[in-house]
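In: based on what follows, work out the 3D shape:
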Amino acid sequence: MAIDSDEFRSRADELLDAGVHDPLDTMRHSAAHVMAAAVMDLFPGARLGIGPAIRDGFYYDFELPRPLTPTDLEAIEAKMREQVAADLTFERSELSREQALAQLEKDGQPFKVEIVRDLPAEESQVVSFYRHDAFSDLCRGPHVPSTGRLGPFKLLNSAAAYWRGDETRPMLQRIYGTVWETQADLDRYLWRLEEAKKRDHRKLGRELDLFTFHPESPAAPFWHPRGMALWRALEAWSLEVRRDGGFDEVRTPSLVRRELWQQSGHWDLYQDNMFVLDADEHVAGLKPMNCPEEILVYKTRSRSYRDLPMRFADYSTLFRKERTGALAGIFRVRQLTQDDSHVFCREDQVIEEINLALNLVRKQYQPFGLEPAFKLATRPEKRLGSDEFWDMAEGKLRQALEAAAIPYTVDAGGATFYAPKIDVFVEDALGREWQMPTVQLDYQLPQRFDLEYRTSEGNFERPVMIHYAIYGSFERFTGVITEHFAGAFPLWLAPVQVMVVPIADRHLEYATEVREALQAIEIRAQIDDRSERMQAKLRDAQEQQIPVMLVVGDRDQEARAVSPRLRTGAASQGVPLGAFIDELRTRIVARELWPAQVQQPDDGSGGAAEPSAQREASTAAT
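Out: This next block holds a predicted model:
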């Protein structure tokens, strides 16, 4: 039986009172058990992995006798619906560690046996199980009271997954599903998934001729001319933001000897993610990050309190030996470039410099229509340094956020082992949340490298380091905004900003003049001089998501004018060329969200929600 919203909210209050913070997570974990029971019914002897709730859904890992097919997913989903209709009660039971191991070994569940054996001693004295009907599973809980309390659900797909994410362990089959409070919520989510497929940056990257991948260099994109035009536009804006923030650009080598990475700690803690080479009788690594090399730049001469803060921007290429299973288009690659920022400052400058970082983050995201959200990640259980150090570092990050009047949430225990941080998130046009930059307050590297500066009293003190990259990596950010805009980039960012479309060959000479006038002020313009009908040229330009098309015919040529057509369909005729070019230049310099239309998820009423991007303005072009 399905549940209504009032019942869901009532039960949510009960779960919250019991200490469960997200009732949807409880429902999703329960759905994973229902799915596992269906799989065991269809594949007796299947071995169970894990089945957690995840963002927007759930999954369960299985070792099965054969690969799953779409027909199998339909059959599993049908079995799940039978369990929901039967409204089977979830019942909790507890066994001792020895009893649990004996039961799981008897049931032929080696992965569950491993989980129990790996439990910490304080957690393994009593082991809990949950049963509904004949299916029982090792589980902490909680669960919904019965299977009939599940909301509308759908199985999505299956994929391969290594046991515990370890490539040396067995390959399992993971089934993904989703469950929601109402049918409208489920329908909206499924619409988002379909829209996400259309916006997939790998698909759009090929169609818009931005980049490709080739087996000759796995997990490293080949940027095409249009892709590089996009890259340079992103880079120019990032550098402008850094210059306004008082940064100086540096560039550091890619291949660095092992000794530097040993001193920084990366050799011990990050070596598995590095490409290591034996070069000229010295072991060296391709750098996975820039910070140790910025330190070498700092140490080339003695520094005074007057030199601080020192702000370096380093856009060098980085290399990370990502596991094959973690690679995902340009979201995760082995060769990448960050808009890296490193600040060396005095203790009394820390809050001001973090405040600057947060302001630069908001400024850099503004032309994309992305509103950053901030989360303070505090000390983990296993960490370096004293509580006094953590109190001071977390306190300074809080002070900076509050001084900037920035709302934030707290991720308790989410910091790295050596320092707290501020994580930045953005939500794209489909409502997906992306973690982007991290502002890291670092007291560890200055100590490991014995950094110092001379104070006004002539003493020596240690500087503080602040690390952040606002895009993160250019590759990943390009993927995010490609999907956010569905390839329809705003004018200032579009790889080709204007396509000049002559109606006939006799208009080619004037079309060339128009293109050259645009290119003279660095507007990226091309001419479609193919022997095609004008409508075919316009259709092709729209499919390539080119923001502005300028049709030129007899009257345009005579009047030194153009007839603009926007990607959105707006059109006008006989606009003076000089006036139109001035308008385009104004929009590009201002980095307006024009004429981009960012489609939002369905609002539940059967139609798409209103675009959140800037609406079409009244201009000479329209």
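
In: tell me, what residue is most central in the protein?
Out: Central residue of the chain (C-alpha atoms, centre = their mean): residue 434, 3.8 Å from the mean position.

In: in the stretch 101-250 of the chain, which spans are helices?
Out: 110-118, 183-199, 201-207, 225-244 (DSSP state H, counting those that start in this stretch).

In: save those as TSV, and put in mean neighbour count too.
Out: The C-beta positions use only the backbone N, C-alpha and C, and glycine is treated the same way. Output for the helices of the stretch 101-250 of the chain, formatted as TSV (neighbours: other C-beta atoms under 10 Å):
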stretch	mean neighbour count
helix 110-118	17
helix 183-199	15
helix 201-207	18
helix 225-244	17
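
In: where does pLDDT dip in the stretch 501-622 of the chain?
Out: Across the stretch 501-622 of the chain, the ranges flagged by pLDDT under 70 are 596-622.

In: now the strands for it?
Out: Secondary structure of the stretch 501-622 of the chain (DSSP state E, counting those that start in this stretch): strands located at 525-527, 548-552, 561-566, 575-576.

In: among those strands, which is nearest residue 154?
Out: strand 561-566 (38.0 Å; C-beta to C-beta).

In: if I look at the residue located most distally from the centre of the chain, how far off is residue 45?
Out: Distance from the C-alpha centroid of the chain, by C-alpha atoms, centre = their mean, peaks at residue 558 (50.4 Å). In this structure, residue 558 and residue 45 are 82 Å apart, going by C-beta to C-beta, to the nearest Å.

In: any idea how many residues pack against the closest residue to residue 87 other than its chain neighbours?
Out: Using C-beta to C-beta, 6 or more residues apart in numbering and skipping residues adjacent in sequence, the residue nearest residue 87 is residue 148, 3.3 Å away. Neighbour count of residue 148, defined by other C-beta atoms under 10 Å: 16.

In: my guess is residue 148 contacts residue 82, does it?
Out: No: here residue 148 lies out of contact with residue 82, judged by C-beta atoms under 8 Å, at a distance of 11.5 Å.

In: ok, and the closest non-adjacent residue to residue 346?
Out: Per C-beta to C-beta, 6+ apart, closest to residue 346 is residue 308, 5.1 Å.

In: ah, wrong one, I meant residue 456
Out: residue 305 (5.6 Å).

In: residues contacting that neighbour?
Out: 346, 453, 454, 455, 456 (C-beta atoms under 8 Å, 6 or more residues apart in numbering).

In: can you name the two of these that are farthest apart?
Out: 346 and 454 (11.3 Å).

In: between the two, which one's more packed in?
Out: The neighbour comparison of residue 346 against residue 454 (other C-beta under 10 Å) goes to residue 346, with 18 against 15.

In: mean pLDDT and distance to residue 252 for the helices of the stretch 101-250 of the chain - can I get that in JSON lines?
Out: Converted to JSON lines, those look like this (pLDDT from 0 to 100; distance: least, C-beta to C-beta, whole Å):
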{"stretch": "helix 110-118", "mean pLDDT": "95", "distance to residue 252": "42"}
{"stretch": "helix 183-199", "mean pLDDT": "94", "distance to residue 252": "35"}
{"stretch": "helix 201-207", "mean pLDDT": "96", "distance to residue 252": "29"}
{"stretch": "helix 225-244", "mean pLDDT": "98", "distance to residue 252": "16"}
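
In: okay if I get those helices as TSV plus distance to residue 35?
Out: Below are the helices of the stretch 101-250 of the chain laid out as TSV (distance: least, C-beta to C-beta, whole Å):
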stretch	distance to residue 35
helix 110-118	16
helix 183-199	16
helix 201-207	29
helix 225-244	41
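
In: ok, which of those comes nearest residue 367?
Out: Nearest of these (C-beta to C-beta): helix 225-244, 6.8 Å.

In: give me the contact list for that closest one.
Out: 205, 208-211, 221, 223, 249, 311, 313, 315, 339, 341, 360, 363-364, 367, 470-471, 474, 477-478, 489, 492-496, 524, 591.

In: just the buried ones from those residues?
Out: Buried members of these, scored by 16 or more other C-beta atoms under 10 Å, are 205, 208, 210-211, 221, 223, 311, 313, 315, 339, 341, 360, 364, 470-471, 474, 477-478, 489, 492-496, 524, 591.

In: so which of these sit within strands?
Out: 211, 223, 311, 313, 339, 341, 470, 471 (DSSP state E).

In: give me every residue that touches the closest residue to the second one other than its chain neighbours.
Out: Of all residues not flanking residue 223 in the chain, residue 211 sits nearest, at 5.1 Å (C-beta to C-beta, 6+ apart). When the contact criterion is C-beta under 8 Å, 6+ apart, the partners of residue 211 are 205, 221, 222, 223, 224, 227, 330.

In: returning to what we had before: closest to residue 267 out of the helices of the stretch 101-250 of the chain?
Out: Per C-beta to C-beta, nearest to residue 267 of the helices of the stretch 101-250 of the chain: helix 110-118, 28.1 Å.

In: next one: that closest one to chain centre, how far?
Out: 33 Å (C-alpha atoms, centre = their mean, to the nearest Å).

In: check stretch 529-546 too.
Out: Counting by C-alpha atoms, centre = their mean, stretch 529-546 comes out at 33 Å from the chain centroid.

In: select, out of the helices of the stretch 101-250 of the chain, the one closest to residue 538.
Out: helix 201-207 (17.6 Å).

In: list the contacts of the closest one.
Out: Contacts of helix 201-207 (C-beta under 8 Å, 6+ apart): 197, 210-212, 221, 227, 329-331, 478-480, 482-483, 486-487.

In: any idea which of the ones in strands among the buried ones among the contacts of helix 225-244 is the one closest to residue 292?
Out: For these, the nearest to residue 292 is residue 341 (15.1 Å; C-beta to C-beta).

In: just give the closest residue to the closest one, not the sequence neighbours.
Out: residue 468 (5.1 Å).

In: same question, residue 255
Out: Per C-beta to C-beta, 6+ apart, closest to residue 255 is residue 284, 5.2 Å.

In: between the helices of the stretch 101-250 of the chain, which gets nearest to residue 171?
Out: Across these, closest to residue 171 is helix 110-118 (C-beta to C-beta), at 12.5 Å.

In: which elements pack onto the closest one?
Out: Applying 3 or more C-beta pairs under 8 Å, 6 or more residues apart in numbering; DSSP states H and E, we find helix 110-118 packed against strand 47-48, helix 97-106, strand 135-138.

In: buried set for whichever strand or helix holds residue 434?
Out: Counting by DSSP states H and E, the element that carries residue 434 is strand 433-442. Under the neighbour-count criterion of 16+ other C-beta under 10 Å, strand 433-442 has 434, 436, 437, 438, 439, 440, 441, 442 buried.

In: follow-up on the earlier one: among the ones in strands among the buried ones among the contacts of helix 225-244, which one sits closest to residue 56?
Out: residue 471 (25.1 Å).

In: the closest one contacts residue 424, doesn't it?
Out: No: at 10.7 Å, residue 471 does not count as touching residue 424 under the criterion of C-beta under 8 Å.

In: need the residues touching each of those two.
Out: By the contact definition C-beta under 8 Å, 6+ apart, residue 471 and residue 424 are jointly contacted by 436, 437.

In: so which bits of stretch 158-176 are buried?
Out: Of the residues in stretch 158-176, 158, 161, 162, 163, 164, 172, 173, 174, 175, 176 count as buried by neighbour count, 16+ other C-beta under 10 Å.

In: picking that back up, deepest of the helices and strands packed on helix 110-118, which one?
Out: strand 47-48 (a mean of 22; mean count of other C-beta atoms under 10 Å).

In: what pairs with that strand, parallel or antiparallel?
Out: strand 57-63 (antiparallel) (DSSP bridges).

In: name the next helix or strand following the partner strand along the chain.
Out: Next helix or strand after strand 57-63 toward the C-terminus (DSSP H and E): helix 70-86.

In: which secondary structure elements does that following helix contact?
Out: helix 23-42, strand 153-162.

In: buried set for it?
Out: Quick answer for helix 70-86 (16+ other C-beta under 10 Å): 72, 73, 75, 76, 77, 79, 80, 83, 84.

In: again with stretch 47-56
Out: 47, 48, 49, 50, 51, 53, 56.
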